[in-house]
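> model this:
(chains A and B, ligands or ions: 2)
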Amino acid sequence: MPILEINNLTKIYNGGVKKNEIKALDDFSLKIEEGTIFGLLGQNGAGKTTLIKILLGITFPTKGTFRIFDSNTSLEEAKMKIGYLPENHKFPNFLTGNEVLKYFGMMSGLSGKSLELKISEMLELVDMTKWGKTKVKVYSKGMMQRLGLAQALIHDPQLIFLDEPTDGVDPIGRKEIRNLLILLKEKGKTIFLNSHLLSEVELVTDHIAIMNRGKLIKEGNVLELTKKEEVYNIILDVNLEELFGEHYLTNNSLSKVADRTYTIRVQDSSEFNLLIDKLRASGVTIKEFSQQKNSLEDIFISLVNEAEKGISK
Amino acid sequence: MKNIWIIILFTLREAISRKIFLAFAIISTLAILGNYVVVTLFVRDLMRTVAGSEQYASIADFIVPYQLGVISTVAGLGIMLSIFAASSLIQTILEKGAADIFLSKPISRIELLMGRYLGGVLIVFINIVYLFVGIWGVIGLKFDYWNFEFLYIIPVLTFMFAILNSLLLFFGVLTNGSVVGMMSTYFVYIILSPILAAKDSYIEAMSGTWQNIIEVLYYIIPKTAELQNNLNAYLIFEKGSVNPQIVITSLMFMFVMLGGTILVFRKKDY
Ligand SMILES: Nc1ncnc2c1ncn2[C@@H]1O[C@H](COP(=O)(O)OP(=O)(O)OP(=O)(O)O)[C@@H](O)[C@H]1O
Ligand SMILES: [Mg+2]
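Ligands and ions are numbered 1, 2, ... in the order given. Now for the predicted structure:
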């Protein structure tokens, strides 16, 4: 059973006044399996944040329903097992990092000694130990983000919503956060990620959905979406045409892209394997080969453009 | 219940950081010291003059009027400062960027609201206790006159603030800001309530429609002016009488405001 199931959610802001109405979500449905890292992609204003806010009861849907965990878990109970890092969050600026974790930890049901332990563990996790006693009003953007992440994880939630988690974080910090997400996944947590950084999303997510103007336009496994059928790159230790002549390339659907580097276009992977056997039999050393992929960015841009064209028609 | 308590603790923490307690403590200490000066230097002589001779029978004869005077000046000041200090409390949790975090926690919206409301009342209560126990203590030490009834001012003022705080909260949630709440609360406390309390002295001269408006308003608007004057005079000095109606209608106003706030807040988008 999916851990999260969204059925036909519609959200209209400023409903009632026709000309000010904003349809942030439009009949949006989605299922998310437990233990996956899920990425929700979309342009600015596509409705990503609105969706998360509805799931957490911060905003209310105009139409539609959703279920988190099992159907008899109330939203209040579910929130005990949910962590959330909002975008552009603002902690009360009179608190120190430690106190932020203390009060929000208490609100999530922690107390006493175990809370204290969790606070230092979390600060350690996001590399903020030495800032714990400093008021958050002097924190930099990236530090706020790290503390936000600590706050989201302090009660060891099962389901974690992260809205632009690497926003404002430096490259090293980003890598650390990616590693953290993978670690959480290994522990069986489900992660719901909103992001614009497609190259990053590509590195960690299993499943993605792309939305445009409140509508779901594509959903699927990242590997499957980005796979370009049957084109491989292959790097050898020799130039084949020098060894066997030009006709060898055309006979085997090879094309040269650089010195000792070729691409091969085939019907299916057995054909590719046959070529490998043939090369190996002739004593050619294969240094590297890989299947060509579309970047997630390519896919995203083409899908969104297509959707936009559909709307303007 | 536990969640409300966590929010109350958080609110106290905020009051400490924002130097609300410090500011109150300084002002209250000044008031207590001022009271000490007045009491030691003038009160006895002044009251003797007023009484016209040596004829006052007991210490109470001059202390009680003095205490009444203290209440009518210091209490008003205390309430106005309290409104000012409490007006921005709701914003801390509902402003952009903060609301998302608070509302995502496993705390119901009602608990969040009540924690903030009660936290505000508790802050004011603590400050009122310090101020009036201080003033009362100085008088007591000076004259060895300990009328515990004077301390009734503490629950009465706390009650008055609780009523006004419900108005602050209502507008705070409705407008997502503190200005409207603060203005309307001051308006009710300083202008509307005293005017309505004195209605008997002018209502005869008005046209019928206006008389009706004033009468209706009189029962709707909380009677902070009467609570402050009549109720205290009655409880502390056993002077005059108090119509229970002023307590009941004021309480009703408070509950309607709190209920209204919950109603608005329950389904509001953040
Ligand atoms: N409180 C609100 N009142 C009115 N309109 C809103 C509100 N919040 C969001 N919107 C509108 O809803 C739409 C979706 O906004 P949302 O914040 O969900 O987008 P997003 O996909 O998260 O964008 P971004 O990538 O910029 O964070 C936008 O057009 C936005 O203007
Ligand atoms: Mg967003």
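> give me the pLDDT value at residue 228.
As the question left the chain open, I've gone with chain A. Note on A:Lys228: pLDDT of 65.
> wrong chain, I was asking about chain B
We have a pLDDT of 85 for B:Gln228.
> next, count neighbours for it.
By other CB atoms under 10 Å in any protein chain shown, 23 other residues sit near B:Gln228. In short, each C-beta sits where N, CA and C put it, glycine included.
> now swap in A:Leu147 and tell me
26.
> and A:Met1, by the same measure?
For A:Met1, using other CB under 10 Å, the count is 10.
> residues in contact with the residue of chain B at minimum distance from chain A?
Closest approach of chain B to chain A (CB to the nearest CB) occurs at B:Gly97, with a separation of 3.1 Å. Contact analysis of B:Gly97 by CB atoms under 8 Å, 6 or more residues apart in numbering or on different chains lists A:86, A:88-90.
> same check on A:Lys53?
A:59, B:100, B:269-270.
> again, 6 Å this time
Residues in contact with A:Lys53 (CB atoms under 6 Å, 6 or more residues apart in numbering or on different chains) are A:Thr59.
> got it, and A:Thr59?
A:Thr59 neighbours (CB under 6 Å, 6+ apart): A:53, B:269.
> okay, now residue 80: neighbour count?
Because you didn't say which chain, this covers chain A. There are 14 residues near A:Met80, going by other CB under 10 Å.
> wait, chain B was what I had in mind.
15.
> surely A:Lys218 is in contact with A:Val304?
No - using CB atoms under 6 Å as the test, A:Lys218 is too far from A:Val304 to be in contact (9.3 Å).
> can you pick out the residue with more neighbours from those two?
A:Val304 (20 against 17).
> now that one, nearest residue through space, not along the chain?
A:Asn212 (5.4 Å; CB to CB, 6 or more residues apart in numbering or on different chains).
> distance of that neighbour relative to ligand 1?
10 Å (CB to the nearest ligand atom, to the nearest Å).
> B:Leu77 now?
Distance from B:Leu77 to ligand 1, by CB to the nearest ligand atom: 40 Å.
> got the buried residues for the helix or strand where that residue lies?
Here B:Leu77 sits within helix B:76-86, counting by DSSP states H and E. For helix B:76-86, burial by neighbour count (16 or more other CB atoms under 10 Å in any protein chain shown) applies to B:76, B:78-79, B:81-83, B:85-86.
> after it, next one along is what?
helix B:89-94.
> residues contacting that following helix, please?
Here helix B:89-94 has contacts from A:92, B:102, B:116, B:120, B:169, B:172, B:178, using CB under 6 Å, 6+ apart.
> number of nearby residues for whichever residue of chain B sits closest to ligand 2?
Ranked by CB to the ion, the top residue of chain B for proximity to ligand 2 is B:Asp100, at 10.8 Å. A count of nearby residues for B:Asp100, using other CB under 10 Å, gives 23.
> right, is the strand or helix carrying it up against chain A?
Assigned by DSSP H and E, B:Asp100 falls within helix B:99-104. Yes - Helix B:99-104 is in contact with chain A by CB under 6 Å from any CB of the partner chain, via B:100-101, B:103-104.
> so which of the contacts of helix B:89-94 belong to helices?
Of the positions in the contacts of helix B:89-94, B:102, B:116, B:120, B:169, B:172 sit in helices, assigned by DSSP state H.
> farthest-separated two in the residues you listed?
Spanning the widest gap among the ones in helices among the contacts of helix B:89-94 are B:Phe102 and B:Gly120, at 15.9 Å by CB to CB.
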